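**Q** generate coordinates for the sequence data below:
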Amino acid sequence: MATGELQTLLGFFNALANENRLKILGILANRECSVEELATLLDLKAPTVSHHLSKLKELGLIGMRLDGNDHLHRLNPESLLAMSKEVFSSFTPEKVATLGNDAEYDTWERKVLSNFLEEGRIKAIPTGYKKRLVVLKWLVNHFEEGVRYNEVEVNEIIERYHPDYCTLRREFITNRLMERENSIYWRIEWQIPELAG
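**A** Reported below is the predicted structural model:
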């Protein structure tokens, strides 16, 4: 999602994530009002109403006209419709997914590995599924893609990192990190993040 789209989303949701601002928009959709009228209708102080109006003006959702000495505020329906279209065209599952692109996805995995690895060996097999999967992905990286291993070779490689090769070998199969046929094992070719350890 582009920075401009993100700023539009943030501005829109920030402005409308307030009950009084929504009520102000509702009132102004029906008629023009001064700050004093809005303050009376909402049982708020005039400076509070002015603050809410300034937030709505920043987005162009309301306009104002002079009527003698009075400043009358009104909803800008065209602006509301245009902003709604822009916001909700930006708020698709695909675009929302890009909001996390700046996150460092491997930070959590690195923390898990630092907790469960010591001197390049697995201290303990995590009991939680997500943490166990991180350790399994780290371990399966010690097998080359495209190479077929017999069961003895698989056990020997796993045993370099943890003595319970039976459990870890089964976990590879269960979690679809390796395939097995006639006691021959191979790593499934998919992108596994490079993790230190």
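
**Q** does residue 72 sit in a helix, a strand or a coil?
**A** Three-state call for residue 72 (DSSP: H, G, I helix; E, B strand; the rest coil): strand.

**Q** I figured it was touching residue 31, is that so?
**A** No: if you go by Cβ atoms under 8 Å, residue 72 and residue 31 don't touch, sitting 9.2 Å apart. Every C-beta, even on glycine, is put in place using the N, C-alpha and C of the backbone.

**Q** quick one: which of the two has more around it?
**A** Neighbour totals were compared for residue 72 and residue 31, and residue 72 leads with 17 against 10 (other Cβ atoms under 10 Å).

**Q** just for this protein, where's the confidence low?
**A** Per-residue confidence of the chain (counting by pLDDT under 70) places the weak regions at 1-4, 90-91, 96-105, 190-197.

**Q** go with 90
**A** Screening the chain residue by residue with the criterion pLDDT under 90, one finds the ranges 1-17, 58-60, 67-70, 79-108, 110, 145-146, 188-197.

**Q** could you pull out the strands for it?
**A** Chain-ordered strands for the chain, with DSSP state E as the definition, fall at 62-67, 70-75, 117-118, 121-122, 148-150, 178-181, 184-187.

**Q** would you put the C-alpha positions of the last one in PDB?
**A** Taking only C-alpha atoms (Å, rounded to 0.1, in the frame of the first residue of the first chain), the coordinates of strand 184-187 have been written out as PDB:
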ATOM      1  CA  ILE A 184      13.800 -43.000   1.600                       C
ATOM      2  CA  TYR A 185      13.400 -39.300   2.700                       C
ATOM      3  CA  TRP A 186      13.800 -36.100   0.900                       C
ATOM      4  CA  ARG A 187      13.200 -32.500   1.700                       C
END
